[in-house]
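1. No letters, just coordinates:
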C-alpha cells in the first residue's frame, strides 16, 4: 500500500502541526549578540574566540567522542586479529 499526501502549508504552520517550539526569538537574540560581538571586535577579530561561548560544551563532547573512537579502534585491532566470522580463532577447536 502506498499513500501520498501533499501539504500546502507554510513552515510556521508545519512547525505548529508537528508541535515543535518556536525558536525565532531565541535565534534572533543569538544573531543580535553575534553581530554586536563582531562589531565590537572588528580590529582584533578572532572567529574562534567569537564562537567559543556557543561551542564550549560541544567541543568537550567531540573530544570525548574522539577518545571513544580511538579506544574502540585500538581495542578492536588487538582483540580479534585472527578470529573468524563466528568469533572463534582459526585453528582452535570449538
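-> Alright, I've got the coordinates. These numbers come from a predicted model, not from an experiment. Numbering: from 1, shown residues only.

2. And residue 33, which helix or strand is it part of?
-> For residue 33, the host element (DSSP states H and E) is helix 24-40.

3. what mean pLDDT would you report for that helix?
-> Averaged across helix 24-40, pLDDT comes to 84.

4. Mind giving me the packing neighbours of that helix?
-> Helix 24-40 is packed against helix 47-79, with contacts defined by 3 or more C-beta pairs under 8 Å, 6 or more residues apart in numbering; DSSP states H and E. In this view, the C-beta of every residue, glycine as well, is placed from N, C-alpha and C.

5. For the helix it packs on, the averaged confidence score.
-> Summarised as a single mean, pLDDT over helix 47-79 is 70.

6. isn't there a helix covering residue 8?
-> No. Counting by DSSP: H, G, I helix; E, B strand; the rest coil, residue 8 is not part of a helix but coil.

7. neighbours around it, how many?
-> 5 (other C-beta atoms under 10 Å).

8. Could you report the pLDDT at it?
-> So residue 8 comes in at 93 (pLDDT).

9. quick one, phi psi at it?
-> phi -110, psi 80 (degrees, to the nearest 10).

10. For it, give its distance to residue 1.
-> From residue 8 across to residue 1, the span is 24 Å (C-beta to C-beta, to the nearest Å).

11. Then residue 73?
-> Separation of residue 73 from residue 1 (C-beta to C-beta) stands at 44 Å.

12. Look at those two and report which has more neighbours.
-> residue 73 (9 against 2).

13. Quickly note the distance from the more buried one to residue 62.
-> Relative to residue 62, residue 73 is positioned 16 Å away (C-beta to C-beta).

14. same thing with residue 48?
-> Counting by C-beta to C-beta, the gap from residue 48 to residue 62 is 14 Å.

15. Of the two, which one has the most company?
-> More neighbours surround residue 62 than the other of residue 48 and residue 62, with 11 against 7 (other C-beta under 10 Å).

16. tell me the contacts of that one?
-> For residue 62, the contact set (C-beta atoms under 8 Å, 6 or more residues apart in numbering) is empty.

17. Nice, that's everything, thank you.
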